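Chemist: Compute the structure for the input listed below.
(chains A and B)
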2 protein chains.
Amino acid sequence: MAAPIKTRERIVQASLELFNSQGERNVTTNHIAAHLGISPGNLYYHFRNKQAIIAELFAAYEARVDAILRVPEGRAMTVEDKTFYLEALLAEMWAYRFLHRDLEHLLDADPELAARYRLFARHCLSNAVVIYQGFVEAGILLMDAAQIEALALNSWIIMTSWVRFLCTTRGDPGDLSEELMRRGIYQVLALEGGYTAPSARAAVDTLYHKLHVPLEQVIP
Amino acid sequence: MAAPIKTRERIVQASLELFNSQGERNVTTNHIAAHLGISPGNLYYHFRNKQAIIAELFAAYEARVDAILRVPEGRAMTVEDKTFYLEALLAEMWAYRFLHRDLEHLLDADPELAARYRLFARHCLSNAVVIYQGFVEAGILLMDAAQIEALALNSWIIMTSWVRFLCTTRGDPGDLSEELMRRGIYQVLALEGGYTAPSARAAVDTLYHKLHVPLEQVIP
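Modeler: Numbering: from 1, shown residues only, chains lettered A, B, ... in the order given. Sure thing, here's the model as predicted:
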């Protein structure tokens, strides 16, 4: 029975593409079925409605972010770890950008998803605290516990609000590019700018240069 | 002809109260008229629709924020100025919290408001850069131009995303309190934590204590 699984995966993949390119609100299950050249009935065989597809996409996003937000075991953290976190999160934000763009609408429409998102947010915040703590222990950041807590919270807000910031200040939600997303990751790195230890400054500066996108490109 | 002006102002004030307490989406012009004990026709005499009321509220919010984001003339900035900016912005965010809660929806529904908001965002960002620059010139913050630019952008995003963060992670959008808003202002102050000059540290720490709200109260 390989075929039904394949169709199910194709539906998920096509939905993600359409949600990202057209906005979730503008895409119906009929659009998705037409896009795949399958009947609406075939789609409903796999997913009872659009919310069920969104829930599956959110679960995948959640699992991928969760896999990123781990600390390495048995060794101190390095600036390369920082590069990894930022770039991996950038890739997921880009891959699932419809979630960030339409988040409040999606949560309003589905109380179960809203409850799940609340747990996810708390979980990510705890993990972010542990990761920043790891950078402090490795001597890369110089911060106390209250500063780490505030930093973790600010990085969560910048990360999850960046796409909306782009949409509200640029005007055209369809013109999101990976470069525009990269500036968001730069902004997350900038949150800890004042706390970088002198010994890590050169390595972190290299990362700043790598992620930098001029503000004129973000807000023309 | 004092009476019509008074009714107009009462409509604006009642709309603000209802939007803040019930969410703009849940309030119709009929609700507003009923709340004031006036006929819908009387309301329409002053405002052709709900969007016109929202536009008027936004203009008032914009004017108030604009009046706050000025640098003092003829003297260096002080930590007291920082206290003023944060507390004054907190008061406006609280007074017009429906705007922050429903922003994307409001902008989607009104292209004219969306265009106006884009200009407002740019204007606030420029002003924020000038203000942070003033703190650098006064020796309170130690930052370069790229850091100031990133800080101004991050403070705009935290400020405008805080209410949404509360709504998505707490679950009950009706339970916003001024204390919850204060933690948002604390988060804005925390953005510059790593850049505070040693000579200003004690005064800024006092401000941290004044604004601090434990995270357990924000995300129970």
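Chemist: Tell me which residues touch the residue lying closest to A:V218 once chain neighbours are set aside, please.
Modeler: Leaving aside its chain neighbours, A:V218 sits nearest to A:R183 (5.1 Å; criterion: CB to CB, 6 or more residues apart in numbering or on different chains). From N, CA and C alone the C-beta is placed, and that goes for glycine too. Each residue near A:R183 by CB atoms under 8 Å, 6 or more residues apart in numbering or on different chains is listed here: A:L211, A:H212, A:V213, A:L215, A:Q217, A:V218.
Chemist: list the contacts for the first one?
Modeler: Neighbour list for A:L211: A:L86, A:R182, A:R183, A:I185, A:Y186, A:L189 [criterion: CB under 8 Å, 6+ apart].
Chemist: 10 Å - rerun?
Modeler: A:83, A:86-87, A:90, A:182-190 (CB atoms under 10 Å, 6 or more residues apart in numbering or on different chains).
Chemist: Just the buried residues from those, in ChimeraX please.
Modeler: Remark: buried members of these, expressed as a ChimeraX selection using 16 or more other CB atoms under 10 Å in any protein chain shown:
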select /A:83,86,90,182,183,184,185,186,187,188,189,190
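Chemist: would a markdown table of the contacts of A:L211 with secondary structure, distance to B:I140 and pLDDT be doable?
Modeler: Listed next are the contacts of A:L211 as a markdown table, based on DSSP: H, G, I helix; E, B strand; the rest coil; distance: CB to CB, whole Å; pLDDT from 0 to 100:
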| residue | secondary structure | distance to B:I140 | pLDDT |
| --- | --- | --- | --- |
| A:T83 | helix | 32 | 89 |
| A:L86 | helix | 29 | 91 |
| A:E87 | helix | 34 | 90 |
| A:L90 | helix | 33 | 87 |
| A:R182 | helix | 31 | 91 |
| A:R183 | helix | 27 | 94 |
| A:G184 | helix | 28 | 94 |
| A:I185 | helix | 28 | 93 |
| A:Y186 | helix | 25 | 95 |
| A:Q187 | helix | 22 | 97 |
| A:V188 | helix | 25 | 96 |
| A:L189 | helix | 23 | 95 |
| A:A190 | helix | 19 | 96 |
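Chemist: Can you tell me, leaving aside adjacent residues, what's nearest to the residue positioned nearest the centre of chain A?
Modeler: The centroid of chain A falls nearest to A:M93 when counting by CA atoms, centre = their mean (3.0 Å). Leaving aside its sequence neighbours, A:M93 sits nearest to A:M181 (CB to CB, 6+ apart; 5.8 Å).
Chemist: I figured the one you found was touching A:W94, is that so?
Modeler: Yes: with contact defined as CB atoms under 10 Å, A:M181 reaches A:W94; the gap is 5.1 Å.
Chemist: which residues do those two both contact?
Modeler: Contacts common to A:M181 and A:W94, judged by CB under 10 Å, 6+ apart, are A:H100, A:V163.
Chemist: what about the closest residue to chain B within chain A, how many neighbours?
Modeler: For chain A and chain B, the shortest gap (CB to the nearest CB) falls at A:G194, measuring 1.9 Å. Using other CB atoms under 10 Å in any protein chain shown, A:G194 is surrounded by 21 other residues.
Chemist: Nearest residue to it in space, ignoring adjacent ones along the chain?
Modeler: Distance criterion CB to CB, 6+ apart; nearest residue to A:G194, sequence neighbours excluded, is B:G194 at 1.9 Å.
Chemist: Give me the distance between that neighbour and B:R164.
Modeler: 25 Å (CB to CB, to the nearest Å).
Chemist: domain assignment for chain A?
Modeler: Split into domains by automatic domain parsing, chain A comes to A:1-48, A:55-218.
Chemist: Please identify the deepest-packed of those.
Modeler: domain A:55-218 (a mean of 18; mean count of other CB atoms under 10 Å in any protein chain shown).
Chemist: Run through chain A and note the low-pLDDT ranges.
Modeler: A:1-5, A:173-174 (pLDDT under 70).
Chemist: And the helices in chain A?
Modeler: Using DSSP state H, the helices of chain A run over A:2-22, A:29-36, A:40-46, A:50-68, A:79-95, A:97-101, A:103-109, A:111-137, A:145-170, A:178-190, A:201-211, A:215-218.
Chemist: got those as TSV, with distance to B:N20 columns?
Modeler: Compiled in TSV, these are given as follows (distance: least, CB to CB, whole Å):
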stretch	distance to B:N20
helix A:2-22	32
helix A:29-36	36
helix A:40-46	41
helix A:50-68	29
helix A:79-95	31
helix A:97-101	25
helix A:103-109	17
helix A:111-137	21
helix A:145-170	20
helix A:178-190	29
helix A:201-211	38
helix A:215-218	31
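Chemist: Out of the ones you listed, the one nearest B:S155 is which?
Modeler: Closest of the helices of chain A to B:S155 is helix A:145-170, at 9.7 Å (criterion: CB to CB).
Chemist: can you give me the angle the closest one makes with helix B:145-170?
Modeler: Angle of helix A:145-170 versus helix B:145-170, following axes from the mean of the first three to the mean of the last three CA atoms, to 10 degrees, is 90 degrees.
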